[in-house]
Structure formats: C-alpha cells, structure tokens
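Trainee: take a look and give me a structure for this.
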Amino acid sequence: MPTHKLMGGKLNLYKREDSRFWQCSTFLEGRNHRTSTKEESLAHAKEFAEDWYLELRAKARVGELKTGKTFAQAATVFEKEYEASTRGHRSPKWVQGHKDRIRLHLMPYFGNKVLSGITEGAIQEYRVHRMTEPEDWNEEKQGRPWKPPARNTIHNEVVTLSMVLKTAKRHGWLETLPDTSDPYRRQSKVEHRPWFTPKEYKQLYEATRQNAAEPKKKRYKWHAEQLHDFVLFMANTGLRPDEIKQLEFRDVEIVTDEWSGDRILEIEVRGKRGVGYCKSMPGAVLPFERLRDRERPVDPDSDEGDKDEVRTAPPEPTDLLFPSEYQKMFNRVLTDAKLKFDRNGKARTAYSLRHSYICFRLLEGADIYQVAKNCRTSVEMIEKHYAAHLKDMIDTSLVNVRRERATRRDQDKQQDDSGRRPEA
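Mentor: The predicted structure follows:
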C-alpha cells in the first residue's frame with residue numbers, strides 16, 4: 001500500500017488496494033482522525049490532506065474538535081447488549097436485522113464519527129446520502145440501474161441508529177439525544193392494508209374450493225384441500241400467519257357460545273404477542289373438523305405422492321393444523337382469480353385474510369375494543385389501519401344533522417302573537 005508522510009510526519013497519505021481514492025490520517029487530541037480525499041491524483045490529494053490537517057489543528061486550538069467515544073464503539077456495545085437482553089423475546093431474525101443495518105449502512109457512514117457529532121443535521125444528511133445515487137455506481141457492472149431505498153427502509157435504519165445513541169447515553173458517552181424524526185414527514189397519508197372485500201372473499205374461497213376439487217396434479221390434492229380450509233380458517237379467526245403456523249390440534253376446542261348458541265372455536269394462540277386467546281366465528285368450525293378428520297401423509301412435504309400408495313395417518317393432538325407451506329399454491333390461485341393485487345397495486349398475502357376478518361367484524365358493527373382484544377392488537381392500530389377506510393364506520397345520524405328552520409307560517413303566527421313582525 002503506497003504511503004506518504006506529510007507535515008513533518010504528522011500526516012499520513014495512503015491508498016488502499018481496493019480503492020482509487022487517496023486517504024489521509026493523523027493523530028490529534030488523543031485519537032486518530034481519518035478521511036478520504038476523494039482525489040485520484042497524488043498532487044491534488046496532498047493539497048486536500050494538508051488543508052484538512054490545518055483545519056483540524058485550528059479546531060483543536062479553539063476547542064471545537066470534538067473528542068470522545070465513536071459510533072463504532074457504541075454500536076459494538078449495543079449489539080452485545082441487545083442480543084443478550086432480548087434473547088427469548090425477539091426472534092433471531094429481528095436481532096440480525098439490526099446488525100445488518102449497522103454493518104451495511106450505518107457503520108460505513110458514522111463509524112469513526114464522535115457520538116457528540118451525530119446531530120440532527122448529520123442524521124438528515126444521512127437520509128439525503130441514502131436517497132442519492134452513489135458516484136461510483138456502475139450500471140453495467142451492477143447489472144441494473146440504481147434504485148433509491150424505500151422510505152420505510154431508511155426509517156428502520158434511523159430507528160437502529162437511535163437505539164445505538166440511546167445505548168451511548170445510558171453509558172454516559174452522550175449528554176443529550178438528537179431528534180431523529182423526519183422533518184419533512186409530519187403526517188403520512190392514511191392507507192388501508194390490502195384485504196378482500198366480501199365479494200372478493202367469496203370469489204377467493206370459491207376458487208380454492210375448485211382448486212381442491214380439481215388440483216393441477218393428483219399428488220397436490222391433499223395440499224389443495226388444506227389450502228381451502230386454511231383460507232376459511234384464517235378469515236373466520238383473524239389469526240396471524242405466524243400464529244397459525246404454531247397452532248396444534250390440542251390448542252383448539254369446539255364449544256357452544258353462551259351468547260349466540262352457535263358452535264365456535266376457542267383457540268389458545270402463541271405468536272407475536274406471546275400466549276393469547278381467540279374466539280372464532282361459527283364459519284371456522286367446519287374447516288377445523290375437516291382438518292381433524294382428514295388423514296394426512298406421514299411426510300406431507302415428500303415426493304411420495306407420485307407413488308400409488310402413500311402412508312397416511314390421522315393427526316395427533318400434538319400435530320400442527322397446517323404442517324406445510326401453501327404460499328406458492330396460494331399465490332397461483334390469487335393470480336388465476338385476478339385477486340393478487342388490490343386497486344392500489346398492493347400485493348395480497350396470507351396476512352390479507354387477517355385484515356379481512358377485522359374489516360368484516362367492523363362492517364357488521366362489532367365493538368372495536370372487543371375486536372382488538374380478540375385479535376391481540378390495540379384499538380389504535382385498528383382505528384389507524386382498518387376503521388379509517390370503512391364507510392360503515394361513519395354514523396350518518398351524527399353527521400347529517402340539520403337544524404330545523406322556521407317556515408313562513410310560523411313567522412306569521414309569531415307576528416300575530418307579538419303584534420309586530422320579527423326582525424330579519
């Protein structure tokens with residue numbers, strides 16, 4: 001690696017093998033300072049490095065050179081603490097997401113920056129940096145044009161940055177936390193989550209019923225029948241996809257509802273919010289009974305379906321209701337029925353069945369608090385993502401109120417009684 005000494009050996013100028021730009025570094029006020037000259041020419045790089053060094057010396061003389069712990073040091077402590085503190089409460093994939101954001105985006109930008117130098121302006125500059133095409137982006141080399149990250153992606157990165165800064169504050173490395181909110185996003189527009197309207201839901205379960213009766217291949221019949229019951233079960237319980245994946249037969253019980261007298265399911269749910277309970281609609285009972293009575297292949301994911309004889313057995317109480325993945329078949333049914341995307345272009349998934357359940361309950365006039373409790377979520381989330389776009393949630397008796405106006409006959413009667421015409 002070529003290296004040059006400047007300013008009496010106090011300034012180093014070097015070029016890494018994997019970079020075309022010259023870098024400069026110096027040791028000042030008890031810590032190392034590094035930066036890129038963004039210059040390929042050695043002569044121009046020397047001029048930049050000398051100016052940079054003299055500027056640092058001037059800041060150090062007037063006390064403007066900030067010293068202390070760096071972002072890289074705080075990020076290392078955060079990763080260690082967060083993984084240990086959330087073990088058993090957060091999924092490993094969630095924890096790994098924070099680590100990946102730090103490694104890929106935050107560390108290259110804030111790594112050597114002193115914590116006190118990460119101000120509100122610096123955070124906004126980071127947002128602009130992420131939304132700007134890199135100078136070294138080569139479309140031919142990358143094989144695709146550059147695309148800015150989604151707003152939610154940058155939001156998640158700033159959330160991770162905020163958590164690192166909070167870790168630094170707890171350890172006394174930072175006096176105050178900067179405001180990490182987006183200054184140009186005060187209020188986002190209300191958008192509903194993709195769901196199936198009652199008409200679209202009927203179209204969907206008729207399509208899955210047809211798919212179960214006439215599958216593409218004979219060996220997919222069991223999976224097609226399971227998918228049909230999956231759609232009905234989800235839309236009548238409102239469970240999350242991750243909750244239904246963990247659901248066992250022993251977690252479900254058929255009971256008689258005291259209020260309506262209908263048969264419903266009482267479900268012990270394990271998932272995102274820990275252990276909770278759910279009472280289904282009567283429409284979930286028949287799909288559950290079919291699941292309970294349907295013999296299943298010993299290994300439903302194997303290729304034994306091509307053989308004439310497949311070993312089957314009735315499900316055990318500890319077996320999962322839905323042991324296999326139906327994503328590909330579900331997406332194919334949605335595509336064939338032209339239901340994959342809603343009118344806003346949002347893709348529908350298995351989660352859309354949960355959204356549909358909540359919307360159906362609200363359309364029928366169910367109490368929003370009880371719906372939130374049964375779905376293991378909050379009233380605020382339902383009001384924000386579901387109730388805001390349902391027309392039946394607007395009470396016309398409270399909106400279309402009209403004040404009665406006096407008629408001509410009433411005015412004449414008032415004149416006769418008082419002896420004078422009322423004032424206009």
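
Trainee: please count neighbours and contacts with C-alpha atoms only from this point.
Mentor: Noted.

Trainee: go ahead and flag the most central residue of the protein.
Mentor: Asn152 (7.9 Å; CA atoms, centre = their mean).

Trainee: quick check: which element contains that residue?
Mentor: Asn152 belongs to helix 151-170 when assigned by DSSP states H and E.

Trainee: and that helix, how far out from the chain's middle?
Mentor: 15 Å (CA atoms, centre = their mean, to the nearest Å).

Trainee: so which residues make contact with it?
Mentor: Contacts of helix 151-170 from elsewhere in the structure, counted by CA atoms under 8 Å, 6 or more residues apart in numbering, are 71, 74-75, 77-78, 98, 101-102, 105-106, 115, 123, 127, 130, 174-177, 180.

Trainee: repeat that with 6 Å
Mentor: Ala74, Ala75, Phe78, Leu174 (CA atoms under 6 Å, 6 or more residues apart in numbering).

Trainee: out of those residues, who has the most neighbours?
Mentor: Ala75 (24 neighbours; other CA atoms under 10 Å).

Trainee: just say helix, strand or coil for it.
Mentor: Under DSSP: H, G, I helix; E, B strand; the rest coil, Ala75 falls in the helix class.

Trainee: how many other residues sit next to the closest residue to it other than its chain neighbours?
Mentor: The spatially closest residue to Ala75, leaving aside those adjacent along the chain, is Val164, at 5.7 Å (CA to CA, 6 or more residues apart in numbering). Neighbourhood size, Val164 [other CA under 10 Å]: 24.

Trainee: and if you look at Ile267?
Mentor: Using other CA under 10 Å: Ile267 sits among 21 other residues.

Trainee: same check on Trp195?
Mentor: Counted with other CA under 10 Å, Trp195 comes out at 27.

Trainee: check contacts around it.
Mentor: So Trp195 contacts Ser352, His355, Ser356 (CA under 6 Å, 6+ apart).

Trainee: how close does the second one get to Asn236?
Mentor: Here the criterion is CA to CA, to the nearest Å. By it, His355 lies 11 Å from Asn236.

Trainee: also the last one?
Mentor: Applying CA to CA, one obtains 9 Å for the distance of Ser356 from Asn236.

Trainee: who has more neighbours, the two?
Mentor: Set Ser356 next to Asn236 and count neighbours by other CA under 10 Å: Asn236 wins out with 26 against 23.

Trainee: let me know the pLDDT of the more buried one.
Mentor: The model reports Asn236 with a pLDDT of 96.

Trainee: same question for Gln187.
Mentor: So Gln187 comes in at 56 (pLDDT).

Trainee: likewise the one 10 residues further on?
Mentor: Thr197 carries a pLDDT value of 92.

Trainee: now do the contacts for it.
Mentor: Per CA under 6 Å, 6+ apart, neighbours of Thr197: none.

Trainee: need phi/psi at it.
Mentor: Per-residue torsions, Thr197: phi -70, psi 160 (degrees, to the nearest 10).

Trainee: and for the one 5 residues further on?
Mentor: Per-residue torsions, Lys202: phi -60, psi -40 (degrees, to the nearest 10).

Trainee: distance-wise, check it relative to Thr208.
Mentor: 10 Å.

Trainee: these two: which has the busier surroundings?
Mentor: Thr208 (26 against 11).

Trainee: check which helix or strand the closest residue to that one other than its chain neighbours maps to.
Mentor: Nearest non-adjacent residue to Thr208, counting by CA to CA, 6+ apart: His228, 5.0 Å away. In this structure, His228 sits in helix 221-237 according to DSSP H and E.

Trainee: on that earlier part again, now the helix holding Asn152: mean pLDDT?
Mentor: 94.

Trainee: all helices of the stretch 101-250 of the chain, in order?
Mentor: 107-110, 120-130, 139-142, 151-170, 198-213, 221-237, 241-245 (DSSP state H, counting those that start in this stretch).

Trainee: tell me which of those helices lies nearest to Ser19.
Mentor: Closest to Ser19 of those, according to CA to CA: helix 107-110, at 14.3 Å.

Trainee: low-scoring stretches of this protein, by residue?
Mentor: For the chain, residues meeting the criterion pLDDT under 70 lie at 64, 66, 186-191, 273, 299-310, 388-389, 391-396, 398, 406-424.

Trainee: quick one, domains of it?
Mentor: 3-61, 71-135+147-170, 208-394 (automatic domain parsing).

Trainee: what would these look like in a markdown table with distance to His192?
Mentor: As requested, these are exported to a markdown table (distance: least, CA to CA, whole Å):
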| stretch | distance to His192 |
| --- | --- |
| domain 3-61 | 46 |
| domain 71-135+147-170 | 16 |
| domain 208-394 | 5 |
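
Trainee: no further queries at this time; thank you.
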